[in-house]
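1. Sequence unavailable; structure follows:
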């Protein structure tokens, strides 16, 4: 399988950013487990509040919508604008060829 001009995923350029996965995981899970923001819109109407609460998704909206993956410590996909400052100077980031990246639970970044 050819991926981004490389013969295998192992040959794709990767960048190790210690602690990045946990930072993103903590940020996303904080959003996911916070009260659904839609409930604030109907807080004064008990009937509507119950209806919205009953139909609310399993998790509150997050930026990445990959809560199940984060809970299972699976790789997540995220956009270029979420890359940390450590990615500056890294060829896949600087070339602007890639708009999406994959982050593994062991803090390795690679183009998606």
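-> Cool, got the structure. Please read these numbers as outputs of a predicted model, since none were measured by experiment.
2. Double-check that residue 28 belongs to a strand.
-> No. Inclusion of residue 28 in a strand is not indicated when DSSP: H, G, I helix; E, B strand; the rest coil is applied; the result is helix.
3. Excluding sequence neighbours, find me the nearest residue to it.
-> Once flanking residues are discounted, residue 28 sits nearest to residue 62: 4.8 Å by C-beta to C-beta, 6 or more residues apart in numbering. Glycine gets a C-beta too; all of them are placed from N, C-alpha and C.
4. For that neighbour, which residues are in contact?
-> By C-beta atoms under 8 Å, 6 or more residues apart in numbering, the contact list for residue 62 reads 28, 31, 32.
5. wait, residue 102 sits on residue 110?
-> Yes. Here residue 102 reaches residue 110: they are 5.4 Å apart, a contact under C-beta atoms under 8 Å.
6. now the contacts of residue 62: which count as buried?
-> Among the contacts of residue 62, those classed as buried by 16 or more other C-beta atoms under 10 Å are 28, 32.
7. now, among the contacts of residue 62, which is nearest to residue 44?
-> For the contacts of residue 62, the closest approach to residue 44 (C-beta to C-beta) belongs to residue 31, at 24.2 Å.
8. helix or strand right after the helix or strand hosting that closest one?
-> Following DSSP states H and E, one finds residue 31 within helix 20-32. As assigned by DSSP H and E, the chain's next helix or strand after helix 20-32 is helix 38-41.
9. what comes up buried for the following helix or strand past that next one?
-> Proceeding N to C from helix 38-41, the next assigned helix or strand is helix 46-55, under DSSP H and E. Residues of helix 46-55 classed as buried under the neighbour-count rule (16+ other C-beta under 10 Å) are 49, 52.
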